[in-house]
Every structure is written in structure tokens, then in C-alpha cells.
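Participant: Show me how the following folds:
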Amino acid sequence: MSWAVDLVPKAIEKATERTKQAGSEIPFQVFDAMNLGKLHERFDTVLDAGLFHNLSDNSRIRYASSLGAALKPGGIFHMLCFSDSQPGFIGPRRISKNEIYQTFSQGWHIDTIRKTRYKAYYPIGGANAWIASIRKV
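Facilitator: Predicted coordinates:
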């Protein structure tokens, strides 16, 4: 069973519309990713494409706990976030590889963190990013 959540209702509306146009059916729900345990579901995989790099230090710790409550043991969390190698100051916070390791240092195993590009409106052409695969132990 697949689910998708976002705190912003407009994002859910757009995603629902795009999914229907693609001929797929995924249940979308307005929900706070900081409280995933309240879904009362456990998943094999969780994806994040753009939340982590918007969180404060304390919120990242809460988020990791929320993810842990939503994943089955051995479940995997895939994350795409802006990298600290991205020049400039406009846009989301830049995340270092070390910050990822620190956030997921207890109860997690980081399988991979590698460089990639984040497709973004700004900066034009996208941004330097990390893509990480992190397993709940």
C-alpha cells in the first residue's frame, strides 16, 4: 500500500491531480510528517524529496524519530536534499553529509549518500544535492 502526505493542502491537490492524469491511484493525505507514528501504519519505504533541508537542527531530530515510528525494522528511508556544496544563499538551507550522519546516528544505518542534482526552479538548472538511503535498524 502506498501513501503520500504533505502538510500543505495545495501540494496534495496538485499531486492528486497529476497522479490521476498519469493513470495511477495513490491515497494523498494532508498530514504532518513530524507525527508519522499517528498514521498507525508501518512502511517498507519512505521517500523525502525536499523536506529535510527545510528543517531546523531540533526539527531534524524529531523528524528522524517520526520516520522511525513509520518504518518497519529494516525499512529504508530515501532522501533528496540540498547539499552544502551548492553556492549562494537563496533557497533552502544547505545540508552537509556530516549533518545527515549526525541526525541518523542512532537506530539507523546509512547505506549510501551520494552527490546528485536537485531539479529546482531556482537556481536555474537545479542545485547540488545529496541523495541518501538510510535503513532503520
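
Participant: and the spatially most central residue of the chain, helix, strand or coil?
Facilitator: Central residue of the chain (CA atoms, centre = their mean): residue 48, 1.9 Å from the mean position. When classified by DSSP: H, G, I helix; E, B strand; the rest coil, residue 48 comes out as strand.

Participant: May I have the predicted confidence score for the residue lying closest to it once chain neighbours are set aside?
Facilitator: Residue nearest to residue 48 in three dimensions, not counting chain neighbours: residue 79, with 4.5 Å by CB to CB, 6 or more residues apart in numbering. The C-beta positions use only the backbone N, C-alpha and C, and glycine is treated the same way. What the model reports as pLDDT for residue 79 is 98.

Participant: From the contact counts, what lies against the least confident helix or strand in the chain by mean pLDDT?
Facilitator: Ranked by mean pLDDT, DSSP states H and E, the weakest helix or strand in the chain is strand 4-6, scoring a mean of 88. Helices and strands touching strand 4-6, by 3 or more CB pairs under 8 Å, 6 or more residues apart in numbering; DSSP states H and E, are helix 9-21, strand 28-30.

Participant: With respect to burial, which of the ones you listed scores highest?
Facilitator: Comparing those by mean neighbour count (mean count of other CB atoms under 10 Å), strand 28-30 ranks first with a mean of 14.
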